[in-house]
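>>> Sharing a model prediction with you, sequence too.
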Amino acid sequence: MTRYDAVIIGAGLGGLTAGAILARAGRKVLVIERSNSVGGAASSYKVGDLFVEGSLHETSDPHDPRDPKHDPLTRAGVLDAVTWVPSGTFYQARGGPLDAPFILPDSFEQARSALTQQFPEAKDSIVRALGEMEQIASENGDASQANWTLSLSEKFNREFGDNEALKSALAANLSYYHDDPATMAWIAFAQSQGSYLLSGGRYVQGGSQRLSSALARAIKTAGSDVILRRAVSAIGVDAQGRVASVTHTAKDGSDPKSEDAARVIGNAAPDTLAALLPAASGDALRASYADRQPSISLFALTLGLSKPPREFGIASYSTQLLPDWMKSLSDYAHATTLMADEPSQRMPPLAIVDYAAIASGVPAPPYVLSVVGPDALSNWNDGDQDAYRAKRARWQDAIVAYLDRHYPGLAQAVTASSFNTALSVKTYLGAPQGAVYGFAPSPGTALRTPATPIPGLYLASAYAGLGGYTGVIQSAGICADMILSEN
């Protein structure tokens, strides 16, 4: 049995970042991953000739010292191990309450100019709202002491009244974070959206797998260990209730091994970790998160096209396509459960990403178009696997036909596809309810920290912060600092 300073359960972005920081600080670390490769959601892979990006479309620029990722990735030794490609404008928003397409630049100065030019009647409110957003984003992601009671809807209603086109222009990409402005904290939106406007959008050239792999290499180079195809079966505690060991097996349950652990870091949901603990400790862990709701889930349809998407009229790297039935930003909330039914004329809001529009390093042809929208596990819980696949295929056909109406000729150019739903997220990532961002960023709920009520057990995942790439990496850095400060 080997003695480790920290055993990390899960080789997702949070676990790898925390592990790299600790290993480079001289701690002996073991990362245990049940899959065949590291990365979790931060993965990219191929289905035949089709390149599939697991989750990353764009993130804020970690080279900016004000970005919450800057310090953790620097200390993990990977800030310059990958190339961060500028994504250009933040997004083009079209449809819904917008009379004409609107391009939101990825800087505060240019965003203020673009918004006030299109909505001159709201100039003062735009300047005020973006000023507050910039202040929040400039605090390097430290929103732990901020007022979380105000919702995004309340803030927008105060500032913009019934100007739904303006609200939609500024928050067309709502599903990057949540699905309902009435149940999202304003401070969470301001911090997350503001990070893009503060430093600009970036994509990891060649795919997010490169960042995950760089983190794993940093851990190994520092003399620590990453093992794959091993599943953690138990977390042991001592007589005082402090974590003391981790037992892991081959994926089929054979070959059990135990490791002494001074601390355990969970790159997983608290419910998942609770099931590994003795009953009393597991109950205590669940109880501490009982007031938190899971985040939304997402579907991701990846299309391979025979021609670059720009030839069909897709004009930006990122396009937020709002459906005609959306008359207000609050209508976003009605989109999450659309896929519970059969496809109809009512389509969900879509985030469309054209990797050929920038120097993404994504191989082509086929030219990769990623189409993402809000989803829920309950949409896919009924029926057997055959029924699930058939319904998913019908929705894929409907989405492609819908895209073809906006971008004529696109449907005929589809040569390959891969469709992941909320059920895919739950199955492959082990995320309860298919949650992609950890806990929902609800008003009135304080920001969680990596510490848990179980002595020696920490979180380095979306469940310890705001979720998303930035939130996960930020929580991993805080987790590593907590552990380092104890020695």
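Here it is on my side, so go on.

>>> in stretch 65-75, what's buried?
Of the residues in stretch 65-75, Asp67, Pro68, Lys69, His70, Asp71, Pro72, Leu73, Thr74, Arg75 count as buried by neighbour count, 16 or more other C-beta atoms under 10 Å. Heads up, the C-betas are built off the backbone N, CA and C, glycines and all.

>>> Now the two most distant members of those residues.
Among the buried residues of stretch 65-75, the pair separated by the greatest distance (C-beta to C-beta) is Asp67 and Arg75, at 13.8 Å.

>>> contacts for the helix ranked longest in the chain?
Counting residues, the longest helix found in the chain (DSSP state H) is helix 385-406. With C-beta atoms under 8 Å, 6 or more residues apart in numbering as the test, helix 385-406 has contacts from 301, 303, 313, 321, 339, 342-343, 347, 350, 352, 371, 380, 383, 410-412, 414, 417, 419, 421, 423.

>>> which ones among the buried residues of stretch 65-75 are found in helices?
Counting by DSSP H, the part of the buried residues of stretch 65-75 found in helices is His70, Asp71, Pro72, Leu73, Thr74, Arg75.

>>> quick one on the thing from earlier: among the contacts of helix 385-406, which are in helices?
Filtering these for helices - DSSP H - leaves Leu423.

>>> Can I get the buried part of the contacts of helix 385-406 as one PyMOL selection?
For the buried members of the contacts of helix 385-406, the matching PyMOL selection, counting by 16+ other C-beta under 10 Å, is:
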select buried, resi 301+303+321+339+343+347+350+352+371+380+410+411+414+417+419+421+423
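
>>> how about low-confidence regions in this structure?
Applying pLDDT under 70 to the chain picks out residues 1, 140-147, 446-447, 487.

>>> what about 50?
Applying pLDDT under 50 to the chain picks out residues 144-145.

>>> what about the nearest residue to Trp84 once chain neighbours are set aside, neighbour count?
Among residues not flanking Trp84 along the chain, Arg202 sits closest, at 4.1 Å (C-beta to C-beta, 6 or more residues apart in numbering). Neighbourhood size, Arg202 [other C-beta atoms under 10 Å]: 26.

>>> And the strands in the stretch 201-350 of the chain?
Along the stretch 201-350 of the chain, counting by DSSP state E, counting those that start in this stretch, strands occupy 201-204, 225-227, 230-237, 243-250, 257-261, 264-266, 297-305, 318-322, 350-354.

>>> what residues are up against the residue nearest to Trp84?
The contact partners of Arg202, taken as C-beta under 8 Å, 6+ apart, are Glu58, Thr59, Ser60, Asp61, Pro62, Trp84, Val85, Pro86, Ser87.

>>> swap the cut-off to 10 Å and go again
56, 58-64, 67, 69, 82-87, 106, 196, 358, 469 (C-beta atoms under 10 Å, 6 or more residues apart in numbering).

>>> how much space between it and Gly88?
The gap separating Arg202 from Gly88 is 11 Å, by C-beta to C-beta, to the nearest Å.

>>> Which neighbours do these two have in common?
Glu58, Asp106, Ile358.

>>> which among those residues end up buried?
Among the shared contacts of Arg202 and Gly88, those classed as buried by 16+ other C-beta under 10 Å are Glu58, Asp106, Ile358.

>>> Wait, the last one touches Gly88, no?
Yes: counting by C-beta atoms under 10 Å, Ile358 touches Gly88, with 6.4 Å between them.

>>> Residues that sit against both of those two, list them.
Both Ile358 and Gly88 are contacted by Glu58, Gly201, Tyr317, Ser318, under the criterion C-beta under 10 Å, 6+ apart.

>>> returning to that earlier point: how about JSON lines for the ones in helices among the buried residues of stretch 65-75, with distance to Gly206 added?
JSON lines is the format used below for those (distance: C-beta to C-beta, whole Å):
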{"residue": "His70", "distance to Gly206": "21"}
{"residue": "Asp71", "distance to Gly206": "24"}
{"residue": "Pro72", "distance to Gly206": "21"}
{"residue": "Leu73", "distance to Gly206": "16"}
{"residue": "Thr74", "distance to Gly206": "20"}
{"residue": "Arg75", "distance to Gly206": "23"}
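
>>> Can you list the buried residues in stretch 238-254?
When neighbours are counted by 16+ other C-beta under 10 Å, the buried residues of stretch 238-254 are found to be Gly241, Arg242, Val243, Ala244, Ser245, Val246, His248, Thr249.

>>> The third one contacts Glu259, doesn't it?
The reference is to Val243. No: using C-beta under 10 Å, Val243 is not in contact with Glu259; the gap is 11.3 Å.

>>> what's the overlap in contacts for these two?
In contact with both Val243 and Glu259: Val7, Gly236, using C-beta under 10 Å, 6+ apart.

>>> Check the gap between the residue lying farthest from the centre of the chain and Pro278 for me.
In terms of distance from the mean C-alpha position of the chain, Ala239 ranks first, at 37.5 Å (C-alpha atoms, centre = their mean). Separation of Ala239 from Pro278 (C-beta to C-beta): 11 Å.

>>> Val204 too?
Distance of Val204 to Pro278, computed by C-beta to C-beta: 39 Å.

>>> Those two: who's more crowded?
Ranked by neighbour count (other C-beta under 10 Å), Val204 and Pro278 place Val204 first, with 25 against 12.

>>> Please report the distance of that one from Ser485.
30 Å.

>>> Next: Thr337.
Distance of Thr337 to Ser485, given as C-beta to C-beta: 44 Å.

>>> for the longest helix of the chain, which positions count as buried?
Residues of helix 385-406 classed as buried: Lys391, Arg392, Trp395, Gln396, Ala398, Ile399, Val400, Tyr402, Leu403, Asp404, His406 (neighbour count, 16+ other C-beta under 10 Å).
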